[in-house]
Every structure is written in structure tokens, then in C-alpha cells.
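Chemist: Just need the structure, nothing else, for what follows:
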Amino acid sequence: MHTEQFETMVSMCRYLGIQILLFDESYNGIEQIDYGFRKKMLQGFDYQRIQNELEHYVEPAVFYLYEDDMGMHYSLLRFTKEDAADAGCQAFCIGPILYQPLTRRFALELVERLNVPSRYEQDFIEYFNCIPVVPYYDLWYQLLTFFIKRCQITVNGLRQINPDTVRIHPSSDYHYLVPDMPDVALTTIEKRYQWENAMLEAVTAGNTQKALDAHYQFLQFKLLPRAADPVRDRKNIMFTFNTLLRKAVEAAKVHPLHIDNLSRQFAIQIETALSTDQLQSLSTTMIRKYCMLVNNYSRRSYSSLVQTCMDYVDFHYSSELSLAGLAKMCFVTPSYLSSQFKKEAGITITDYINSTRIRQSMLFLNVSKLSVGEIASRVGFSDANYFTRTFKKMLGKTPKAYRQAIHE
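Modeler: Okay, here's the model as predicted:
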């Protein structure tokens, strides 16, 4: 058995928010196979039953795909003695997962089938809302078999089992619901808000990777549809998401004009989307671009004087700009503004003006067919040769070479 590959598989599942339990001979932690849900919901539920079934039914070196009586899916494997020695555990269980998002109809059918009292319905729904969704069965199966082969785990067969074959979670116990209200709904909603806040805090900090990681964890908590049309429902959620990101960026002291320009672009994209897949992929793009906005335009670490100068340059880069003109606008002396700007920003005002103009010129070089001279004029350089020298000094290549490299 290839232990490093096995560790990679374990890390992959956990990174994706999919539970993978590694069991020793005593099956410690068996109550986490359903995140302890049945223990909270049922009076005297005995997880020893699950251990007994795993020990007596699940054969070594056979890969099991199991669906329980609540429609959740698991992948089970008991190792051979040799593989167990390498892995440092007796067996593993991946899951629970779902192959489709929770719908209101499915939730109500489940509640009815399991005879769930009305006061527990929200707890059942919130529990299912936090179960990871794998979009396609074939994709998940192929991914798992790929890793098992790479890990060189001994597997002699595959079996699909269901609750009629193996009653690991017998539904006959479901009428023994505990008399006190469980806290499933409460803790699930709290966790969802915690991940949402973590994502927004990361956006405010401009930390793209941390924001994306928190966003992925947040997505594990599904929301029941608010509208009958799936696309309309998703659009409503995305409009709210856009507003939350906009407010997170505003907290980073980014000028509202920058925020409004980006927010408006995304609002148009959301409304014109034709499918839920388009909207789903848009969310990560939004996080990346809002974080980029923070990294490029956040003014939270600057005084109001320097903030005013930076914002003015950002919005008037094509006009004639000078230290003297900016100092006059701010009612300070040029020498004071120069020293204060250099102290806070680490560069001179002239360097900031040039870098802003070069950044804007890159957009023109990317999307337009304007000549280098025309672009120089549009971004505020009166001398095209000076523009070329400044561009090369900052980026290591001329505007012409930069444009050619883009279209290669």
C-alpha cells in the first residue's frame, strides 16, 4: 500500500468538506458516522449496532457503496491485514454525501416517511443542508477508484448495499424521538453564519485563498429554495451575495465608485445568466475580483490626506496632475504632502501617478486596438516616448511587446 497517496486521498476528502473516518479495531468515533445526528434525535440510539454490522458484514478488501434509510451515501472499506498495518487503521468510511441538493419536496417526504414530529422538521432539514453534495455518482465513483488504485489498496470486489440489505441505521427506531428539543438546527445555522463571516472578513482583508476556502465551507450548508424557478432562486441568492461582498470591500476603505462599478457589472451578469451552473461558477469569480479590488484600492492604512490624493489620482489620471496641484487641492504645502505621502505609501506621488496611468494603459492594451501613442494620451502621458520608457521601467517590456505577448 502506498501510504503517501492514501494520506493525499484523506486530505482531499477533508479539504472538500467530505468526512472520512479512519477506524481502529475498537471503531472509536463510530458515532461520528452521521455526525452524531441520530444520537441527538433518538432516545437511546446504540451506535454499537453499526460497529457490529461493520465487523460481521463488511468483508476485508471489498469496496462498499452504501445508501442508508435517510438517502445518504457512504463508501466503506475494510483493509487486509497488510494494508491495515501500512495505513495504521482497520477501515475507513467516507460520507455521508448526497448526489443531489436537498429540495423542499424531498425534505417533506423524508420527514413524513420517518414520522418526524413537526417540531423536529427544521432540525432534519438543517442536518441535510450541511451534508456535502457530489453532483454526479459516476464522477465520485471514478474519483474514489482512481485514488484506491494509486494508493495500491487491495480491493477484490465492489458491492452496492442499501438499508434493506444491511440495517446499519434501522428506521424502526425513529419513533423514539427524544422529548427535549435537539440543537441540530441551532448549531448548524450558527456554523453557517460563522463561515459566512469568515469569508467576508477574508475579503475585507484581501485574502483571496482564505476567502475561497471559507466560501467552500459555507456552500456545504444548503438553503431550501425560496422561489419555484431554480434559476430565479439562485439569482436572488447571488444578488444578496453581491451585496455582502460589496459591504465587505467597503469596510476595507475602498472608494464607493470602484465598488459600484464592479457591483454593477456583477448585477448585470447575474440577471442575464441562463442557468444555475453559470451562477454557481460566478461566485468564485466575484470573490477573486472583490479581493483584487481590496488589494488595489484599499485605503484603510492611510490618513485622510493620502486617501484623498490617491482617490483623486485614480479618478483623474488622464488629467494634468502634479504635486503642487494636489497640495493646493488639499490645502497643504507641497513639501508636507510629499513627505507624508512617501511616509505612508512608500513611494512618491509622481511614482503613484505613473503607476496608476500604466495600470490603466494595460487595460487599453488588452482590449483595444488603439495605437501606443493614442493610449499614452488617454491615460495622461503627453509624451509617448516617456510613456514607453515608464512602461518598460515598471513592467520590463515595452507597450508593444506587452501587447504582442498577450495575443501570442
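Chemist: CA atoms only for the helix or strand hosting Ser355 - export them in PDB, please.
Modeler: Using DSSP states H and E, Ser355 falls within helix 349-367. Once non-C-alpha atoms are left out, helix 349-367 reads as follows in PDB (Å, rounded to 0.1, in the frame of the first residue of the first chain):
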ATOM      1  CA  ILE A 349       3.300  61.000  -5.600                       C
ATOM      2  CA  THR A 350       4.900  61.100  -9.100                       C
ATOM      3  CA  ASP A 351       5.500  57.300  -8.900                       C
ATOM      4  CA  TYR A 352       1.900  56.700  -7.800                       C
ATOM      5  CA  ILE A 353       0.600  58.900 -10.700                       C
ATOM      6  CA  ASN A 354       2.700  57.000 -13.200                       C
ATOM      7  CA  SER A 355       1.800  53.500 -11.800                       C
ATOM      8  CA  THR A 356      -1.900  54.400 -11.900                       C
ATOM      9  CA  ARG A 357      -1.600  55.500 -15.500                       C
ATOM     10  CA  ILE A 358       0.400  52.400 -16.500                       C
ATOM     11  CA  ARG A 359      -2.200  50.200 -14.900                       C
ATOM     12  CA  GLN A 360      -4.900  51.900 -16.900                       C
ATOM     13  CA  SER A 361      -2.800  51.600 -20.100                       C
ATOM     14  CA  MET A 362      -2.600  47.900 -19.600                       C
ATOM     15  CA  LEU A 363      -6.400  47.700 -19.900                       C
ATOM     16  CA  PHE A 364      -6.300  49.500 -23.200                       C
ATOM     17  CA  LEU A 365      -3.500  47.300 -24.500                       C
ATOM     18  CA  ASN A 366      -5.500  44.200 -23.500                       C
ATOM     19  CA  VAL A 367      -8.900  45.100 -25.000                       C
END
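Chemist: Now the helix or strand just after that helix: buried residues?
Modeler: Next along the chain after helix 349-367, taking DSSP H and E as the criterion, comes helix 372-378. For helix 372-378, a neighbour-count test (16 or more other CB atoms under 10 Å) marks Val372, Ile375, Ala376, Ser377, Arg378 as buried. (C-beta placed from N, C-alpha, C; glycine too.)
Chemist: Give the burial count for the residue nearest to Tyr27 when sequence neighbours are not counted, as a bare number.
Modeler: Once flanking residues are discounted, Tyr27 sits nearest to Gln51: 4.5 Å by CB to CB, 6 or more residues apart in numbering. The tally of other residues near Gln51 (other CB atoms under 10 Å) stands at 18.
Chemist: Check Asp314 too.
Modeler: 18.
Chemist: Now do the contacts for it.
Modeler: For Asp314, the contacting residues are His255, His258, Tyr297, Thr356, by CB atoms under 8 Å, 6 or more residues apart in numbering.
Chemist: hmm, back to that, check the contact between the residue nearest to Tyr27 and Gly29; I expect there is one.
Modeler: No: look at Gln51 against Gly29 with CB atoms under 8 Å: they stay out of range, at 10.6 Å.
Chemist: helices or strands up against the helix holding Ser355?
Modeler: helix 304-315, helix 323-330, helix 334-345, helix 372-378, helix 384-395, helix 399-406 (3 or more CB pairs under 8 Å, 6 or more residues apart in numbering; DSSP states H and E).
Chemist: and the fifth one, what does it pack onto?
Modeler: I take that to be helix 384-395. For helix 384-395, the packing partners by 3+ CB pairs under 8 Å, 6+ apart are helix 349-367, helix 372-378, helix 399-406.
Chemist: Need those helices in CSV (columns: mean pLDDT and distance to Asn156).
Modeler: Output for the helices and strands packed on helix 384-395, formatted as CSV (pLDDT from 0 to 100; distance: least, CB to CB, whole Å):
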stretch, mean pLDDT, distance to Asn156
helix 349-367, 90, 56
helix 372-378, 92, 67
helix 399-406, 86, 54
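Chemist: Could you export these as a markdown table, including distance to Met12?
Modeler: Formatted as a markdown table, the helices and strands packed on helix 384-395 follow (distance: least, CB to CB, whole Å):
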| stretch | distance to Met12 |
| --- | --- |
| helix 349-367 | 36 |
| helix 372-378 | 46 |
| helix 399-406 | 35 |
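Chemist: Nearest to Leu143, out of those helices?
Modeler: helix 399-406 (35.6 Å; CB to CB).
Chemist: What is the neighbour count of Val235?
Modeler: One thing to correct before we go on: residue 235 is Lys, not Val. 18.
Chemist: send the alpha carbons of the helix or strand harbouring it over as CSV?
Modeler: Assigned by DSSP H and E, Lys235 falls within helix 230-250. The C-alpha trace of helix 230-250 is given here as CSV (Å, rounded to 0.1, in the frame of the first residue of the first chain):
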residue,chain,number,x,y,z
PRO,A,230,-34.4,27.3,-9.7
VAL,A,231,-32.6,30.0,-11.8
ARG,A,232,-34.7,32.8,-10.2
ASP,A,233,-34.0,31.3,-6.8
ARG,A,234,-30.3,31.2,-7.4
LYS,A,235,-30.3,34.8,-8.9
ASN,A,236,-31.9,36.1,-5.7
ILE,A,237,-29.2,34.4,-3.6
MET,A,238,-26.5,35.8,-5.8
PHE,A,239,-27.8,39.3,-5.6
THR,A,240,-27.6,39.0,-1.8
PHE,A,241,-24.1,37.6,-2.2
ASN,A,242,-23.0,40.5,-4.3
THR,A,243,-24.3,42.9,-1.7
LEU,A,244,-22.5,41.2,1.1
LEU,A,245,-19.2,41.3,-0.8
ARG,A,246,-19.7,44.9,-1.7
LYS,A,247,-20.1,45.8,2.0
ALA,A,248,-17.1,43.7,2.9
VAL,A,249,-15.0,45.7,0.4
GLU,A,250,-16.4,48.9,1.7
